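In: Give me a model of this one.
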Amino acid sequence: MIKKIKLRTLLIGGCITLFFALLIGRVFYLQVMDNEFWKAQALSKWSRSQPLPASRGTIMDRDGDILAMDAPAFTVVVNPKVIQANGLEDDVVKGLHEVLGKKEDELRELVRAKDDKGEFLVNREVRTEGYKIDQEKKAEVDELNESLVDKLKSEGKSSETGIAFIRDKKRFYPKHEEAAHVVGYINREGTAVGGIESFYDEYLQGTDGFASYKSDKKGIKLPSEDDLYQPALNGNNLKLTVDDTIQYYIKEAMLEAVKEYNPVSMTVIAADPNTMEILGMANMPTYDPNTFWEYDMKNFNNHAVRSIYEPGSTFKIVTLASAIEEKLFNPNDAYQSGSIRAGGRTHRDIGSWGPITYLEGVKRSSNVAFVKLGYEILGKERFTNYIRDFGFMEKTQIDLPGESLGILNMTNESDISTMTYGYAVSVTPIQQLAAISTVANGGKLMKAHMVKEIEDPNTGTVQTIEPEMIRQVISPEAARETGMYLEQVVSDQVNGTGRHAYIDGYRVAGKTGTAIKSSTGGYADRSKQLVSFIGYAPVDDPKIAVLVIVDEPNTDKGGGAVAAPIFKNVVSKTLNYWGIPKSHLSEDDGKKKQPPIPENTHRAPDMTGEQVSEVKAKLLEEGVTFELLGSGNTVKQQYPPPGTPISGGQRLYLLTEDGASMKIPHLQGESLRDAMEVLTLMRVKVNVQGEGYVAEQLETSENGQRTVHLTLRTAEELATGKDSEGGTSTDGDHTEDSDKETGNGSDEGE
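Out: As a prediction, the model looks like this:
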């Protein structure tokens, strides 16, 4: 018996000893041998990591007006479990369909979604119609939510509707279609597409940060020395060379032309010829980057840098400038117009004017004159060298994606002879604008660029992009002489093919172009034209160069009648916007000697940047009649510009906010020029009837565009109160440019 007890005790003791041995061994293994694994498991339960997303950089125009920015966005989320529990399926489906435009069957599938266990899901995003909606659309969803809450309360149910939001941010483009091809957009996957957004993506996107800390099981942060914090580095802000006011002028001019001619496409580029800073760039058709998914692919093509075209007679500027540089152009020498045999083919003018001077040939855009200048007088080697020097065998290196390279056919003699007037050569619009700017700025080929400043918001440092000269192509003297002859192309109202670009009071230089588009069959369809105008102003001190290209306008008019008026529209408004007087002095000349001020007049003070409260006191003290426009606190623009002589009764208009939203001032008694200046600053379209001074004004609006109709009366009519009985005069010049080429792929000679 005792022996059995001892054996039982020994057995139980052995089992207990073995159990504790195994337990100690397991604890040793877990705490010593497998320490790192379990430590990591514990840390994963305690640790929290919170991402700190970086903000994408803001894109602005040269004056700081925002073109692209991050803005709050909201993604709509539905809770099928709550919606089904409260019997709101039909209400939610119908309501979200009306607000978001998503199909009802797709919404019904969302609110009925179940997991693999057959239970209703908790959250489902409403893609894509409810993805990253703006504040305005969110407010509409909020209204739906409130109506559903009221319904649930009336039924005595829980106030949960099953509709919620995930707060996010999205890219917002406040100018919409304006400058769309310049700026580009961010797609729904967050990828930069086109324009500045794509080219400068690495600068704009920034670097996300994070916060890492320990917490208890409820998620409450615990004090620890192991906390990590890496702040987000926001993307760089970009200030472009573009001026959104000039961009607006371009858009309005293009819309008018589209309405009249319904072309396949249009391109307009404006630049400062001295620096090749791009002041404006637009294409039609275009798109709104806020709703990019609604447009066809053709709308996204930035023809200004991606497309190549035969420039036609606008290329004659290169031939002319080259001959002048080599001192081979004598404007008074005569030649026989009509046709010429050169390079193994016959080149023809649209007509035959008999023996004429080379200057008249330039103004009439005679093909024969340019074949003689470029092919016979300059010769193949010198002519092709100048084509290279003007940049037509290299890209401009503009900071936009997808720039194309032109095509030059310089193998056959027939091609070289034809290139003298712009055929057998294909260029990009930006190359062509760089070439005319070379003539305008004194012979320097400048690198085209879009960005003026890069600001790092994390450090406050600003990098300024300086203009870059590629090479000196022609001498300043040759450039000035070329400009003088191109000015006569515009100013000669009888023979000048560019007469439709003439701007009263300003010296304008330019060249028209009308080319028949080539196809696999050559130039058979002569109705498919590409018309253009390129020029700059003022000739004596160039401030702006503009290229206009209209592809297949619904008219048989040439570049002089279709494209030149668009140029005139943009340039005249821009020169007024900049306050450049018609009797123009350079800045240096203006500082050295101001014209004498007539008696009872004084110069307009500079009020820009001043506080409104201070402006009022100053002007009242000086006795200046003024009118404040807008409700801002600071003067942003003024007319007349600072330093302009003004009479005692003339009003000084001070703009304190964006002109597009301000109330139209009373303009009765103002001259047409003053009225036009003020309304141009306010970005208002103007219709004028009569002549003299403003007697009546009427404001209308169509499709969001304000138009002011001004009725003018002479001083005598205003004094007597009588209307003029005579009709207003019209231009009467409906003749087309009569220099259309034949047989060479050209329909012009412009």
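In: hey, let's count contacts and neighbours off CA atoms from now on
Out: OK.
In: Quick check: closest non-adjacent residue to Ala478.
Out: Spatially, and ignoring its direct neighbours in sequence, Ala478 is nearest to Glu325 (5.2 Å; C-alpha to C-alpha, 6 or more residues apart in numbering).
In: Compute the number of surrounding residues for the one you found.
Out: 20 (other C-alpha atoms under 10 Å).
In: So what does it look like in phi/psi?
Out: phi -60, psi -40 (degrees, to the nearest 10).
In: if I look at it, how far off is Gly195?
Out: With distances taken as C-alpha to C-alpha, to the nearest Å, Glu325 is found 37 Å from Gly195.
In: likewise Pro640?
Out: Looking at Pro640 against Gly195, where the rule is C-alpha to C-alpha, the gap reads 36 Å.
In: same thing with Glu178?
Out: Counting by C-alpha to C-alpha, the separation of Glu178 from Gly195 is 13 Å.
In: and what of Ile12?
Out: With distances defined as C-alpha to C-alpha, the gap from Ile12 to Gly195 amounts to 83 Å.
In: So between the two, which is more surrounded?
Out: Remark: of Ile12 and Gly195, Gly195 carries more neighbours, 23 against 12, as counted by other C-alpha under 10 Å.
In: doesn't Ile186 make contact with that one?
Out: No - the pair Gly195 / Ile186 is not scored as a contact, 10.3 Å apart, by C-alpha atoms under 8 Å.
In: which residue ranges form the strands in the stretch 1-150 of the chain?
Out: 47-52, 59-60, 66-78, 124-125 (DSSP state E, counting those that start in this stretch).
In: Give me whichever of those is most buried.
Out: For these, ranked by mean neighbour count under the definition mean count of other C-alpha atoms under 10 Å, the leader is strand 59-60 at a mean of 24.
In: partners of that strand, with directions?
Out: Strand 59-60 has its sheet partners listed here by DSSP bridges as strand 66-78 (antiparallel), strand 237-240 (parallel).
In: What lies in contact with the longest one?
Out: I take that to be strand 66-78. Contacting residues not belonging to strand 66-78 are listed as 55-61, 110-111, 122-126, 130-135, 138, 162-175, 183 [C-alpha atoms under 8 Å, 6 or more residues apart in numbering].
In: So which of these belong to helices?
Out: With helices defined by DSSP state H, the entries of these inside them are 110-111, 135, 138, 183.
In: Gly101 against Glu129, yeah?
Out: Yes - counting by C-alpha under 8 Å, a contact exists between Gly101 and Glu129, whose distance comes to 6.9 Å.
In: ok, the two, which is more surrounded?
Out: Neighbours of Gly101 and Glu129, each counted by other C-alpha under 10 Å, are more numerous for Glu129; the result is 17 against 12.
In: Just the CA trace of stretch 242-249, in PDB.
Out: Output for stretch 242-249, consisting of C-alpha atoms alone and laid out as PDB, is shown next (Å, rounded to 0.1, in the frame of the first residue of the first chain):
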ATOM      1  CA  VAL A 242       1.500  84.200 -68.600                       C
ATOM      2  CA  ASP A 243      -0.700  87.200 -68.000                       C
ATOM      3  CA  ASP A 244      -4.300  86.000 -67.400                       C
ATOM      4  CA  THR A 245      -5.700  89.300 -68.700                       C
ATOM      5  CA  ILE A 246      -3.900  88.800 -72.100                       C
ATOM      6  CA  GLN A 247      -5.000  85.200 -71.900                       C
ATOM      7  CA  TYR A 248      -8.600  86.400 -71.600                       C
ATOM      8  CA  TYR A 249      -8.200  88.800 -74.600                       C
END
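In: quick one, helices of the stretch 151-300 of the chain?
Out: 180-183, 195-199, 201-205, 244-261 (DSSP state H, counting those that start in this stretch).
In: Gly118: which of the ones you listed is closest?
Out: helix 201-205 (42.3 Å; C-alpha to C-alpha).
In: Now do that closest one: everything it contacts.
Out: Residues outside helix 201-205 that contact it (C-alpha under 8 Å, 6+ apart) are 54-58, 192, 197, 234-238.
In: Any buried residues in it, and which?
Out: Along helix 201-205, these residues count as buried under the neighbour rule (16 or more other C-alpha atoms under 10 Å): 201, 203-205.
In: and what of stretch 641-660?
Out: 641, 644-647, 650-659.
In: Next: stretch 449-467.
Out: 449-456.
In: Now those in JSON lines, please, with extra columns for pLDDT.
Out: Conversion of those to JSON lines gives the following (pLDDT from 0 to 100):
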{"residue": "His449", "pLDDT": "97"}
{"residue": "Met450", "pLDDT": "97"}
{"residue": "Val451", "pLDDT": "97"}
{"residue": "Lys452", "pLDDT": "96"}
{"residue": "Glu453", "pLDDT": "96"}
{"residue": "Ile454", "pLDDT": "97"}
{"residue": "Glu455", "pLDDT": "95"}
{"residue": "Asp456", "pLDDT": "94"}
